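After the sequence you'll find the predicted model.
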Amino acid sequence: MACGLRSGDGSRGGLKVGRRDADILRLAVPALGALVAEPLFLLADSAIVASLGTLPLAGLGVAGALLATAVSLFVFLAYGTTAAVARRLGAGDLRGALAQGVDGIWLALLLGVATALVVAPLAGPLVTALGASPEAAPYAVTYLRVSLPGLPGMLVVLAATGVLRGLQDTRTPLAVAAGGAALNVVLNLLLVHGLGWGIAGSAAGTAATQLLMALVLVVVVARGVRRTGAPVGLHPLGVLRSARAGVPLLVRTLTLRVALLVTTFVAARQGDAGIAAHQVAMTVWTTTALALDALAIAAQALVGRALGAADVDGVRAVVRRTAQWGVAVGVVLGAALALAAPLVAGPFAPDEQVHHYLTAALVVVGASLPVAGWVFVLDGVLIGAGDGRYLAAAGAVTLLCYLPCALAVLALAPAGRAGLVWLWISFAGVYSLARLATLVHRVRTDRWVVVGA
């Protein structure tokens with residue numbers, strides 16, 4: 001039922017601000033912890049593999065980038081499942097919510113197995129295409145192939161985490177992610193140094209950890225399934241519905257990845273100091289984005305639940321409050337980063353030229369974070385509403401707006417510090433503002449507010 005046909009009764013949507021804040025923080029803080037735990041896997045692998053030498057570490061860098069790209073493309077398994085489960089939960093249909101969650105987990109397993117089977121024979125060409133040197137390529141291929149059995153586990157973790165988020169539980173994924181990060185370190189040390197397996201041991205330890213994490217999360221979901229009597233078997237129609245619902249979010253993610261790749265391409269033309277500074281600036285951007293993404297996850301879960309309950313006033317209240325949180329967190333992080341840019345740049349840029357470039361880029365990143373906070377939250381709102389088709393179309397439009405700006409920097413801006421600054425103004429400024437415009441335009445309408453299960 002479209003929201004234009006019926007509004008909430010006020011008593012259901014008129015929750016006090018303090019209660020809304022408590023709900024947002026209850027979901028966002030554990031979600032942030034789980035998001036932070038994820039990069040620790042690659043960080044731990046890097047620290048352990050670094051002791052093996054430069055070439056194994058370079059191989060890990062290439063293979064890790066390929067795995068991260070594959071997983072990021074399938075992030076819709078978490079987002080789409082969160083929205084679908086939360087909507088059913090809000091409608092009072094816990095059994096239906098868990099049934100949709102099971103379909104999402106089966107889809108993740110099938111996609112993980114299929115992707116691993118496709119990538120395995122292409123490991124060599126893929127690492128070469130990504131620029132691995134002839135000396136580092138064998139290490140990259142070894143890591144990639146040995147880690148592929150863990151890829152289904154990685155995708156199942158995404159889907160099962162989405163199920164629990166939809167059920168308004170972000171603490172369990174945090175506990176599993178934290179336990180997985182600790183276990184990963186132990187297994188890597190044991191296999192790399194204890195058994196002397198080298199880089200293959202690092203890949204095997206991470207793959208085993210991901211599979212164990214997936215198993216634990218599936219067991220948690222299965223307990224709820226047993227209590228409600230929801231089906232646990234593979235239902236092709238249900239899996240197909242989950243896949244079809246995920247396609248628009250996949251398109252949205254692809255547009256984001258293309259924007260990032262184009263940005264890196266242009267940054268590489270700013271010289272060695274430019275690309276070095278850009279990589280650190282992008283890492284800082286990604287790190288600060290974790291806090292904003294945690295708020296977006298809270299928005300997904302709360303909006304989905306309120307729509308399922310036909311609580312239109314509650315939906316609007318969640319949108320307003322999470323948007324305020326997103327901008328506020330962006331202001332705090334942005335101001336801190338802009339003011340401390342020289343200090344932040346210090347440990348990552350011992351070279352004076354790189355430090356000069358990086359400091360300027362970080363000031364631009366800091367200035368853009370309030371807008372980014374608004375963008376992330378509204379993106380989460382529309383994902384929670386299941387408005388994937390609009391997000392896919394908006395992603396294509398904003399990418400088309402950004403590409404001319406990036407290419408103009410490439411063609412017109414002087415290479416070096418000025419080129420890098422203009423590039424970040426284009427990416428963190430123009431691209432983010434274009435995304436914001438499409439999201440605000442949509443949220444101000446009623447077309448995305450479709451209530452009920």
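Received the coordinates, thanks.

what residues are up against V157?
Taking C-beta atoms under 8 Å, 6 or more residues apart in numbering, we find V157 in contact with V176, Q210, M213, A214, L217. For the C-beta atoms, the positions are set from N, CA and C on the backbone; glycine is no exception.

what about the helix or strand hosting the last one, average pLDDT?
The one in question is L217. Following DSSP states H and E, one finds L217 within helix 199-228. The average pLDDT within helix 199-228 is 91.

got it, and stretch 392-400?
Averaged over stretch 392-400, pLDDT sits at 95.

if we look at that stretch, which residues are touching it?
Outside stretch 392-400, the residues that touch it by C-beta under 8 Å, 6+ apart are 247-249, 251-252, 254-256, 258-259, 431, 434-435, 438-439, 442.

CA atoms of that stretch as CSV?
Output of stretch 392-400 as CSV, limited to C-alpha atoms (Å, rounded to 0.1, in the frame of the first residue of the first chain):
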residue,chain,number,x,y,z
ALA,A,392,20.4,1.7,-9.6
ALA,A,393,19.1,4.4,-11.9
ALA,A,394,20.4,7.2,-9.6
GLY,A,395,23.8,5.5,-9.5
ALA,A,396,24.0,5.6,-13.3
VAL,A,397,23.0,9.2,-13.4
THR,A,398,25.5,10.3,-10.7
LEU,A,399,28.2,8.4,-12.4
LEU,A,400,27.5,10.2,-15.7
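
Show me how far it is from its chain's centre.
Offset of stretch 392-400 from its chain centre (C-alpha atoms, centre = their mean, to the nearest Å): 18 Å.

next one: stretch 397-411
For stretch 397-411, the distance to the chain centre is 23 Å (C-alpha atoms, centre = their mean).

which regions of the chain lie under the pLDDT threshold?
The chain contains residues with pLDDT under 70 at 1-17, 41-43, 130-132, 272, 348-350, 452-453.

how about 50 then?
By pLDDT under 50, the low-scoring segments of the chain are 1-15.

Longest helix in it, please.
helix 271-308 (DSSP state H).

before we move on, the earlier item: quick check on the contacts of stretch 392-400: which are buried?
Among those, those classed as buried by 16 or more other C-beta atoms under 10 Å are 248-249, 251-252, 254-256, 259, 431, 434-435, 438-439, 442.

which one of those is nearest V409?
For the buried ones among the contacts of stretch 392-400, the closest approach to V409 (C-beta to C-beta) belongs to Y431, at 11.8 Å.

and that closest one, what is it in contact with?
A259, T398, C401, Y402, C405.

now, which of those residues lie within strands?
In strands, judged by DSSP state E, none of those are found.

top of those by neighbour count?
Each of those was scored for neighbours by other C-beta atoms under 10 Å, and T398 scores highest at 25 neighbours.

Which secondary structure element is home to L35?
Here L35 sits within helix 17-50, counting by DSSP H and E.

Tell me the buried residues in that helix?
Neighbour-count burial for helix 17-50 flags 20, 23-24, 26-28, 30-38, 40-42, 44-45, 48-49 (criterion: 16+ other C-beta under 10 Å).

Please apply the same query to stretch 413-426.
A413, G416, R417, G419, L420, V421, W422, L423, W424, I425, S426.

Tabulate those (TSV), appending distance to V319.
Formatted as TSV, these follow (distance: C-beta to C-beta, whole Å):
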residue	distance to V319
A413	37
G416	42
R417	39
G419	38
L420	35
V421	34
W422	33
L423	32
W424	29
I425	29
S426	28
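
nearest to G198, of those residues?
The closest of these to G198 turns out to be L420 (C-beta to C-beta; 37.2 Å).

ok, back up a step: with secondary structure added, can I get the buried ones among the contacts of stretch 392-400 in TSV?
Listed next are those as TSV, based on DSSP: H, G, I helix; E, B strand; the rest coil:
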residue	secondary structure
P248	helix
L249	helix
V251	helix
R252	helix
L254	helix
T255	helix
L256	helix
A259	helix
Y431	helix
A434	helix
R435	helix
T438	helix
L439	helix
R442	helix
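
Would you check how far apart V318 and V85 are?
Separation of V318 from V85 (C-beta to C-beta, to the nearest Å): 17 Å.

S432 contacts A372, correct?
Yes: with contacts counted by C-beta atoms under 8 Å, S432 reaches A372, the gap being 5.5 Å.

Could you tell me how many residues sit around A175?
When neighbours are counted by other C-beta under 10 Å, A175 registers 15.

Please enumerate residues in contact with the helix or strand where it lies?
Using DSSP H and E, the element containing A175 is helix 171-189. For helix 171-189, contacts defined as C-beta under 8 Å, 6+ apart pick out 30-31, 33-34, 37-38, 40-41, 44-45, 48, 157, 161, 164-165, 201-202, 204-206, 208-210, 212-213, 216-217, 220.
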